[in-house]
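[1] Quick one, structure for this:
(2 chains)
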2 protein chains.
Amino acid sequence: MSQPKIQEIRGGVTASLGFRANGTRCGLKRKGKDLAIIYSDVPATAAGLWTSNKVQAAHIYLDKKHIKSGIAQAIVVNSGNANCCNGRAGIKDASLMAQRAASHLDIDPYTVLVASTGVIGKRLPIKNILDTIPTLIKGMRRNGSRDAASAIMTTDTVPKEAAVRFNINGRAVTIGGIAKGSGMVSPNMATMLSFITTDAAISPNGLKVALDKAVDKSFNRITIDGDMSTNDTVLMLANGISGNDLLDEKDASFSIFCTGLEYVAVSLAKMLVRDGEGATKFIEVHVRGARNEIEANEVARRVSNSNLVKTMVHGGDPNWGRVAASAGAATAGIRQNLLDIYIGDVKVMGKGVGAEFDMIKLRRLINKKEVKITVDLNMGNGSTTMWTCDLSEEYVRLNAEYET
Amino acid sequence: MSQPKIQEIRGGVTASLGFRANGTRCGLKRKGKDLAIIYSDVPATAAGLWTSNKVQAAHIYLDKKHIKSGIAQAIVVNSGNANCCNGRAGIKDASLMAQRAASHLDIDPYTVLVASTGVIGKRLPIKNILDTIPTLIKGMRRNGSRDAASAIMTTDTVPKEAAVRFNINGRAVTIGGIAKGSGMVSPNMATMLSFITTDAAISPNGLKVALDKAVDKSFNRITIDGDMSTNDTVLMLANGISGNDLLDEKDASFSIFCTGLEYVAVSLAKMLVRDGEGATKFIEVHVRGARNEIEANEVARRVSNSNLVKTMVHGGDPNWGRVAASAGAATAGIRQNLLDIYIGDVKVMGKGVGAEFDMIKLRRLINKKEVKITVDLNMGNGSTTMWTCDLSEEYVRLNAEYET
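    Residues are numbered from 1 along each chain as shown, chains lettered A, B, ... in the order given. Below is the predicted model of the structure:
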């Protein structure tokens, strides 16, 4: 089978047919939009993934209950307050958000999903949200993706949207999404929210499997600061409006759908890293030669989360020993005398020993906006790629000054 | 048994009878002393602990070989170069250091231990070291601890020394040590070196057991940046000059010795944290109510290594949700609805829900130089204490600019 043709298009989360969105201000953040909605004109098949943190936001309890039916039609999101550690009151607030939206949309409250992001441990100013929901719904429109993407931002500096179109059995299908990230972003999802839509018709099981695979290759492969959030959420709606034959995991074209979805998810994930708090550089960490993929992931995480590697890239100083030290800290199978390390295409360490290399070329490579680090364990066929950013003074300033 | 009387004294690593030390400059660092020696007038029982990093410095290979006999008489240490990832050439250089010192001291090379700290992946300027060893040895003296402590520093800003005296069966015994740390410091030991001496007579097994216990309660309970070094080394020499009856693990007074050793190790470990790269504050993380000590340790590490918790303390902003999020990220048994969190003595979260508290008092507590964070999982009796420091812009600056 030839590679399916995936076309990048505009339109973000509303690029898919039959979806409308909006973002507006209800007064939770100091300034800017802070309330968003994504709405499907018809009930859609829904799937979700949430943080594995043991401390979880209220909306996660609600979403897990609401998504059991496999059907959803709207997603309401606030930024500026995480609605986490608020006990039963927090869950009630999340429920009120869903109920108010449902009553104005004239749909079942169980088909409304919600999400929150922001400061932990403060009660949600629920009146602001409830009072603004009617206006929010009134303003929903086919090209509302950008406003929704803006309204879910916290310390993000740019809204994040991606969409693709491709054919399934001759039928054009669209997948589009928005995301927010910035800090507390780590593999296994962190303070990140992403909402993805598609007009494809796909079975509940097919959608769940496709989303799991895509998240594993995208949002679970990024880290900004290694901190895992209480609020991470990825939600996906598939409304079937494109009119393709119902897709399932067993169909030949399922892999095309997965490729398209992975494209959108990876695009959004990389945008999160590029806009990481204080980030000035994009770092790709590629690990190969591990005994298996799990060990490759562990080594990649060690390197990606190392403050010393991140400050090294920030300073543009090729102190590659820090890469060796961070990889060596892994519990994975590693033999020092087999270890190769590259920065860009320059081998800095071969078989555990510092290599001869062109320092001028190396300095040039590490001073680029995008830096690639490769660690080859030379022990097997396990490999992985992870994306992260540098650690700057600005990250510290932002997080030391973050308002409670 | 009443608590043994442990008296803090001056003199660092040479406070113990029969030890001499010196530190001088051989030209590895840009400026300052960078070569140290610690010497026992008589052969001493020796024990050591090294990094668990899979990438290890040359001196670790050598030390593990030399210490097999259980006897050592001298420790030679250079700063400014880690002698790591230099392959066989590095091991040969480490061996030359030991040989040159042995020949000038007229002792067996196998009784000389070595250690290195500094940049990874550069050949050791071995000629500088070999040429300086005669002068270094000539200058050894009973009050040489401070010079040795200075000569092992890298980005440390102050030399670190500690010593105690106590009685074992009526006989005065001394334990003293020096240490260096600064960056790449994490539980399981990181770029930290510590050398401890005692004039007690103790069996090889007793010394090893006592050192393991003390390191577990001190150097393994600190973290500065979560990065684990390739060079971590703790070496201890016991020369028996105090004349006590040979102490062994089974003796009643063994616990007194352990208490004294733990006192010195914890003192040095805390000094490392206080002088962490860019550190402006000292943070104690206490976890209790875990199902067991292993899980308590994991939770304490998560909190201590969280960049968001560290920047929160740096900024003096009581955004306690970050403590909840970092604890919740642990794989340990945690139930959100049982979780209590305190900053100082102020309960900020009770049973998973934000508590009512005096914000003015809380701000005052978090703006102190020493901040205590307590996490109570309320699930069992496992507890632990870990020490760390804040994360400042200065940490990033130091590590972005660190010279390769």
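
[2] Within range of chain B, give me the residues from the stretch 251-400 of chain A.
    A:305-308, A:311-312, A:314-322, A:324-330, A:334-336, A:339, A:348-349, A:351-354, A:391-393, A:395-397, A:399-400 (C-beta under 8 Å from any C-beta of the partner chain). In this view, the C-beta of every residue, glycine as well, is placed from N, C-alpha and C.

[3] Mind giving me the PyMOL command for buried ones among those?
    The buried subset of these, as determined by 16 or more other C-beta atoms under 10 Å in any protein chain shown, is captured in PyMOL by this line:
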select buried, chain A and resi 305+306+307+308+311+312+314+315+316+317+318+319+320+321+322+324+325+326+327+328+329+330+334+336+339+348+349+352+353+354+391+392+393+395+396+397+399+400
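
[4] I'd like the next helix or strand past the one helix or strand A:A325 maps to.
    With secondary structure defined by DSSP states H and E, A:A325 is part of helix A:321-328. Scanning the chain past helix A:321-328 towards its C-terminal end, the next helix or strand to appear is strand A:340-343 (assignment: DSSP H and E).

[5] Show the low-confidence segments of chain A, by residue range.
    Screening chain A residue by residue with the criterion pLDDT under 70, one finds the ranges A:1-4, A:182-191, A:224-228, A:402-404.

[6] Break it down into its domains, please.
    Chain A breaks down into these domains under automatic domain parsing: A:7-274, A:282-401.

[7] right, so of those domains, which gets closest to B:T197?
    Distance to B:T197, taken as C-beta to C-beta, is lowest for domain A:282-401 among those, at 28.5 Å.

[8] and the longest strand for chain A?
    strand A:35-50 (DSSP state E).

[9] which residues are contacting the helix or strand following it?
    The helix or strand immediately downstream of strand A:35-50 is helix A:58-66, counting by DSSP H and E. Contacts to helix A:58-66, defined as C-beta atoms under 8 Å, 6 or more residues apart in numbering or on different chains, come from residues A:48, A:50-51, A:72, A:83-84, A:86, A:90-91, A:93-95, A:98, A:109-116, A:231, A:233, A:235.

[10] Go back to the residues you listed and keep what's next to chain B.
    Near chain B, judged by C-beta under 8 Å from any C-beta, the entries from these are A:84, A:86.

[11] Buried subset of the contacts of helix A:58-66 as a PyMOL selection?
    With 16+ other C-beta under 10 Å as the burial test, the buried ones among these are selected in PyMOL as follows:
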select buried, chain A and resi 48+50+51+72+83+84+86+90+91+93+94+95+98+109+110+111+112+113+114+115+116+231+233+235
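
[12] And what about the spatially closest residue to A:L35 that is not a sequence neighbour, helix, strand or coil?
    Distances taken as C-beta to C-beta, 6 or more residues apart in numbering or on different chains place A:C26 nearest to A:L35, at 4.4 Å, with adjacent residues excluded. Three-state call for A:C26 (DSSP: H, G, I helix; E, B strand; the rest coil): coil.

[13] and the gap between A:C26 and B:N239?
    When distances are taken as C-beta to C-beta, to the nearest Å, A:C26 and B:N239 turn out to be 73 Å apart.

[14] Please apply the same query to A:L105.
    82 Å.

[15] And A:L362, by the same measure?
    48 Å.

[16] neighbour count winner among the two?
    Taking neighbours as other C-beta atoms under 10 Å in any protein chain shown, A:L362 and B:N239 compare with B:N239 leading, 24 against 17.

[17] what about the closest residue to A:R146 other than its chain neighbours, neighbour count?
    Counting by C-beta to C-beta, 6+ apart, the nearest residue to A:R146 once its immediate chain neighbours are dropped is A:P159, at 6.0 Å. Neighbourhood size, A:P159 [other C-beta under 10 Å]: 22.

[18] The contacts of helix A:58-66 in helices, which ones?
    Using DSSP state H, A:90-91, A:93-95, A:98 are the members of the contacts of helix A:58-66 that sit in helices.

[19] Show me where the stretch 251-400 of chain A has its helices.
    Using DSSP state H, counting those that start in this stretch, the helices of the stretch 251-400 of chain A run over residues A:254-274, A:293-305, A:307-315, A:321-328, A:359-366, A:393-401.

[20] which helices and strands does the helix or strand where A:A102 lies pack with?
    A:A102 is located in helix A:87-105, with elements delineated by DSSP H and E. Contact here means 3 or more C-beta pairs under 8 Å, 6 or more residues apart in numbering or on different chains; DSSP states H and E; on that basis helix A:87-105 packs against helix A:58-66, strand A:71-79, strand A:112-117, helix A:126-138.

[21] for the last one, which positions count as buried?
    Residues of helix A:126-138 classed as buried by neighbour count (16+ other C-beta under 10 Å): A:126, A:128-130, A:132-133, A:136-137.

[22] The residue of chain A positioned farthest from its centre: what's it in contact with?
    Relative to the centre of chain A, the most outlying C-alpha is that of A:E356, 38.9 Å out, by C-alpha atoms, centre = their mean. Contacts of A:E356 were listed using C-beta under 8 Å, 6+ apart, and none were found.

[23] Please tell me how far the spatially closest residue to A:I175 that is not a sequence neighbour sits from chain B.
    Distances taken as C-beta to C-beta, 6+ apart place A:T198 nearest to A:I175, at 4.4 Å, with adjacent residues excluded. The spacing between A:T198 and chain B, counted by C-beta to the nearest C-beta, to the nearest Å, is 31 Å.

[24] Neighbours of A:T198, how many?
    33.

[25] and what of the one 4 residues further on?
    Using other C-beta under 10 Å, A:I202 is surrounded by 29 other residues.

[26] tell me the contacts of A:S79?
    Applying C-beta under 8 Å, 6+ apart to A:S79 gives the contacts A:28-29, A:34-36, A:116-118, A:151-154, A:180.

[27] What of A:Y39?
    With contacts defined as C-beta under 8 Å, 6+ apart, A:Y39 is in contact with A:19-21, A:73-75, A:105, A:137, A:140.

[28] and what of A:G350?
    When contacts are counted by C-beta under 8 Å, 6+ apart, A:G350 touches A:D340.

[29] partner residues bridging it?
    Under DSSP bridges, the beta-bridge partners of A:G350 are A:V353.

[30] which one of the buried residues of helix A:126-138 is nearest chain B?
    For chain B, the nearest member of those is A:I126. The distance, counting by C-beta to the nearest C-beta, is 15.3 Å.

[31] before we move on, the earlier item: output the buried residues of helix A:126-138 as JSON lines; include the columns distance to B:V215.
    What follows is these, written out as JSON lines (distance: C-beta to C-beta, whole Å):
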{"residue": "A:I126", "distance to B:V215": "52"}
{"residue": "A:N128", "distance to B:V215": "54"}
{"residue": "A:I129", "distance to B:V215": "53"}
{"residue": "A:L130", "distance to B:V215": "57"}
{"residue": "A:T132", "distance to B:V215": "57"}
{"residue": "A:I133", "distance to B:V215": "58"}
{"residue": "A:L136", "distance to B:V215": "58"}
{"residue": "A:I137", "distance to B:V215": "62"}
